[in-house]
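K.L.:
here is the input, now give the coordinates:
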Amino acid sequence: MGVFENKLVAILNYKDVAPGVVLNALGHMTLGLGAQIGKQNLRLDDYIDANGNVYPNISQMPFIILQGKSNEIRRTVAAAREAKMVYGVFLNTMTGGTYLEQLDRTKETPDEQLIYYGCVIFGPWDAVSALTKKFSLWK
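P.N.:
Just a heads-up that it's a prediction; the model follows:
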C-alpha cells in the first residue's frame, strides 16, 4: 500500500479519441467523481502563496493518468463496479447535441456498442492498483 489509504486513477482512451476530446472527458468524469467522493476523502487542501493568494482544493494524493483502449476500459469499469469502487466514465454517446439527446442516446445504446473515452476510479490503494496495473502511463 502507498502512503495513502485510497488511490485515484484515470484511464484515457488513446486510440479512438482526439487529445482535446479526451481531456474534456477527463474534466467531466473528474468533476462527477469529486461530487461523489467529497472533499475529505479526496484529501483536498488549500495552498496559499506568500502574497496570501489561495489556490483551493488541491489533492494531497497523486492523480495517476493511464492510457488504454475502449474495451480495456470497459472491462476495468465492470471490475470496479463489481468491487463496489467509486468510478466515473465518459462515453461516445455523451457528445454532440443537447444533454437531453445525449441522455437518450446513451439509454438506447447497449454497453458493448459504447466507445469508452475514459474512466476515473477511486478506492482502496491495493485494489485500484490491482485493477490498473496492466495499463501504461499516459504519454
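
K.L.:
please count neighbours and contacts with C-alpha atoms only from this point.
P.N.:
Noted.

K.L.:
for stretch 90-102, measure first residue to last.
P.N.:
Across stretch 90-102, the terminal residues are separated by 11 Å (C-alpha to C-alpha, to the nearest Å).

K.L.:
er, stretch 108-126 I mean
P.N.:
35 Å.

K.L.:
and for stretch 60-78?
P.N.:
The first-to-last residue distance of stretch 60-78 comes to 27 Å (C-alpha to C-alpha).

K.L.:
just the buried positions in it, please.
P.N.:
Residues 65-70, 72-74, 76-77 are the ones in stretch 60-78 that count as buried (16 or more other C-alpha atoms under 10 Å).

K.L.:
in strands only, show me those residues.
P.N.:
65-68 (DSSP state E).

K.L.:
which residue is nearest the centroid of the protein?
P.N.:
residue 120 (1.8 Å; C-alpha atoms, centre = their mean).

K.L.:
if I've got this straight, that residue is in a helix?
P.N.:
No: the assignment for residue 120, made by DSSP: H, G, I helix; E, B strand; the rest coil, is strand rather than a helix.

K.L.:
shouldn't it be in contact with residue 88?
P.N.:
Yes: at 5.2 Å, residue 120 counts as touching residue 88 under the criterion of C-alpha atoms under 8 Å.

K.L.:
shared neighbours, these two?
P.N.:
Common contact partners of residue 120 and residue 88 (C-alpha atoms under 8 Å, 6 or more residues apart in numbering): 29-30, 33.

K.L.:
now the residues you listed in a markdown table, with pLDDT?
P.N.:
A markdown table is the format used below for those (pLDDT from 0 to 100):
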| residue | pLDDT |
| --- | --- |
| 29 | 97 |
| 30 | 96 |
| 33 | 95 |
